[in-house]
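>>> generate coordinates for the sequence data below:
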Amino acid sequence: MLSVKATIVTDDSSDDGVRTLLRNLPSLKGPYAPVDWAAFPATPQDAFVQWLRDAIAEGGKTAAASATPYEPHAMTVSTVDADGFPDARVLILKNVDARGWHFAVKANSPKGRQLKAHPTCALTFYWSPLGRQVRIRGKAQPLPAEDCAADFLARPLASRVSAVASPQSEVMADPEKSEKELSEKMAEAQALFDKDPEYVSPGWLVYAVAPTDVEFWQGATDRQHHRLRYVREDGGKGPGSAIWRKERLWP
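The predicted structure follows:
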């Protein structure tokens, strides 16, 4: 009788290898400071700023102990395309006020086109050292032209040059030729700013996400996570008229 010896694959490319690799990664190690949910502010914006300040302070400790960059103002912005498929990318938070959470886009970029067609979107913040997450859902509305111009002019010159020169996320039909073309466009944009340092790209937009609900999530080492959700009750009649209901949620 012919016998066949089974060979066990143990490299990390196998399903079991990847599973084991992921299982061995630590998560929510803590310990985390308790949260006084009863003392949370009346609005999600004020509550968010409190947690953001905590994250910035914690980031200072992390930066002092490690060369790993820590960006507490980084967030995942999720949109939907024309077919209803979700799309997500990481952007930098620009401001938080009564109008909502602000971020900047190029109007003709994929996210810019998606937001124009479907303004509903979601924002996600995750601050690993604190075991905290904030989830925001709402509608993104473009801010007035003067706000967009002020944001554009506050960017480093190299970022402004790139914003004007590059057709963001478009397909390179001929990468070698496109790289040369981009270099030429960058030179043209640089010359434009040399001539007019106050030039503002007409396609630069700053959106504010007016939230319908905001969830604050505090992770726990025993996985009995804590959650508080703000729900808007006034039907979104305007940033100055927001009325919020707080809800404690099960883990």
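
>>> run a quick neighbour tally on residue 128.
By the criterion of other Cβ atoms under 10 Å, residue 128 has 15 neighbours. C-beta here means a position set from N, CA and C on the backbone, and glycine is covered the same way.

>>> apart from its chain neighbours, what residue comes closest to residue 93?
Distance criterion Cβ to Cβ, 6 or more residues apart in numbering; nearest residue to residue 93, sequence neighbours excluded, is residue 73 at 4.5 Å.

>>> local confidence estimate at that neighbour?
For residue 73, the pLDDT comes out at 97.

>>> same question, residue 68
67.

>>> test my guess that the residue nearest to residue 93 contacts residue 90.
No. Using Cβ atoms under 8 Å, residue 73 makes no contact with residue 90, being 10.6 Å away.

>>> the more surrounded of these two?
Taking neighbours as other Cβ under 10 Å, residue 73 and residue 90 compare with residue 73 leading, 14 against 10.

>>> so how far is residue 224 from that one?
Separation of residue 73 from residue 224 (Cβ to Cβ, to the nearest Å): 29 Å.

>>> same thing with residue 124?
Taking Cβ to Cβ, one finds residue 124 at 21 Å from residue 224.

>>> among the two, which residue is more densely surrounded?
residue 124 (17 against 9).

>>> phi and psi next, for the more buried one.
Torsion angles at residue 124 (phi, psi; degrees, to the nearest 10) stand at phi -130, psi 130.

>>> bridged to the spatially most central residue of the chain, which residues?
Centroid check for the chain by Cα atoms, centre = their mean gives residue 75 as the closest residue, at 2.0 Å. Here residue 75 sits in beta bridges with residue 91, going by DSSP bridges.

>>> ok, now which ones touch it?
90, 91, 92, 93, 101, 103, 123, 124, 125 (Cβ atoms under 8 Å, 6 or more residues apart in numbering).

>>> how about residue 189?
160, 161, 162, 164, 165.

>>> spatially nearest residue to residue 155 (excluding sequence neighbours)?
Closest to residue 155 by Cβ to Cβ, 6+ apart is residue 163, at 7.4 Å.

>>> next: residue 104.
Residue 104's closest residue in space is residue 206 (Cβ to Cβ, 6+ apart), at 4.9 Å.

>>> show me where the stretch 1-150 of the chain has helices.
For the stretch 1-150 of the chain, the helices defined by DSSP state H, counting those that start in this stretch occupy 15-23, 44-65, 110-117, 145-154.

>>> with just CA atoms, put the second one into CSV.
What follows is helix 44-65 as a C-alpha-only set of coordinates in CSV (Å, rounded to 0.1, in the frame of the first residue of the first chain):
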residue,chain,number,x,y,z
PRO,A,44,-20.4,66.4,21.3
GLN,A,45,-18.0,69.1,20.0
ASP,A,46,-17.0,70.1,23.6
ALA,A,47,-16.7,66.5,24.6
PHE,A,48,-14.5,65.8,21.5
VAL,A,49,-12.2,68.7,22.2
GLN,A,50,-11.6,67.4,25.8
TRP,A,51,-10.7,63.9,24.4
LEU,A,52,-8.5,65.5,21.7
ARG,A,53,-6.6,67.4,24.3
ASP,A,54,-6.1,64.2,26.2
ALA,A,55,-4.8,62.5,23.1
ILE,A,56,-2.4,65.4,22.3
ALA,A,57,-1.0,65.3,25.8
GLU,A,58,-0.6,61.5,25.6
GLY,A,59,1.1,61.9,22.2
GLY,A,60,3.7,64.1,23.8
LYS,A,61,4.6,61.3,26.2
THR,A,62,4.7,58.8,23.3
ALA,A,63,6.9,61.1,21.2
ALA,A,64,9.3,61.5,24.1
ALA,A,65,9.7,57.8,24.5
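
>>> lovely, talk soon.
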